[in-house]
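Asker: structure for the following, please:
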Amino acid sequence: QVQMVESGGGSVQTGGSLRLSCVVSGDAFCMGWFRHTPGKERKGVATIDRDGTTTYEDSVKGRFTISKDNAKNTLVLQMTSLKPEDTDVYFCAADPRVCRYVEGYSFRYWGRGTQVTVSS
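Answerer: Predicted coordinates for the structure are as follows:
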């Protein structure tokens with residue numbers, strides 16, 4: 001069983017930065033960050049594969065960076081140039097498969113989420 005605990009959310013003004021961290025206890029090859037507000041569709045933000053290959057949702061390209069610190073078993077999402085539309089609850093997710101076998105939101109393990117609020 002893999003457990004995941006997010007931290008680093010908070011409130012910032014437009015143009016600010018936040019760093020989200022997710023400690024992953026266990027082995028996982030494909031990891032990612034998603035966002036979700038109750039009543040709205042869950043959206044993918046970024047993924048990182050076992051070999052370091054990354055993908056990003058179009059609206060965050062050039063502003064967000066996903067990375068992993070294998071020594072600390074930590075998944076990181078560095079968020080810069082934040083906009084009010086980035087406001088949401090952000091979740092980390094992990095799966096024991098490599099990313100090409102993980103369709104959409106079918107990640108096996110999920111964190112509880114951390115709130116990100118960007119004010120104008």
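
Asker: any idea of the mean pLDDT for stretch 12-29?
Answerer: The average pLDDT within stretch 12-29 is 95.

Asker: also stretch 55-62?
Answerer: 97.

Asker: in that stretch, what counts as buried?
Answerer: 56, 60 (16 or more other C-beta atoms under 10 Å). C-beta here means a position set from N, CA and C on the backbone, and glycine is covered the same way.

Asker: equivalent analysis for stretch 12-27, please.
Answerer: 12, 18, 20-24.

Asker: let me know the closest of the residues you listed to V89.
Answerer: Nearest to V89, judged by C-beta to C-beta, of the buried residues of stretch 12-27 is L20 at 11.1 Å.

Asker: the closest one and T54: what is the separation?
Answerer: For L20, the distance to T54 (C-beta to C-beta, to the nearest Å) stands at 15 Å.

Asker: strands of the protein, start to end?
Answerer: Applying DSSP state E to the chain gives strands spanning 3-7, 10-13, 18-25, 30-36, 43-48, 54-56, 64-69, 74-79, 88-95, 109-110, 114-119.

Asker: A28 contacts G111, correct?
Answerer: No: shown here, A28 and G111 do not form a contact pair, counting by C-beta atoms under 8 Å, at 11.8 Å.

Asker: got the strands of the chain as JSON lines, with distance to E103 columns?
Answerer: As requested, the strands of the chain are exported to JSON lines (distance: least, C-beta to C-beta, whole Å):
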{"stretch": "strand 3-7", "distance to E103": "20"}
{"stretch": "strand 10-13", "distance to E103": "32"}
{"stretch": "strand 18-25", "distance to E103": "21"}
{"stretch": "strand 30-36", "distance to E103": "11"}
{"stretch": "strand 43-48", "distance to E103": "11"}
{"stretch": "strand 54-56", "distance to E103": "13"}
{"stretch": "strand 64-69", "distance to E103": "19"}
{"stretch": "strand 74-79", "distance to E103": "20"}
{"stretch": "strand 88-95", "distance to E103": "10"}
{"stretch": "strand 109-110", "distance to E103": "15"}
{"stretch": "strand 114-119", "distance to E103": "25"}
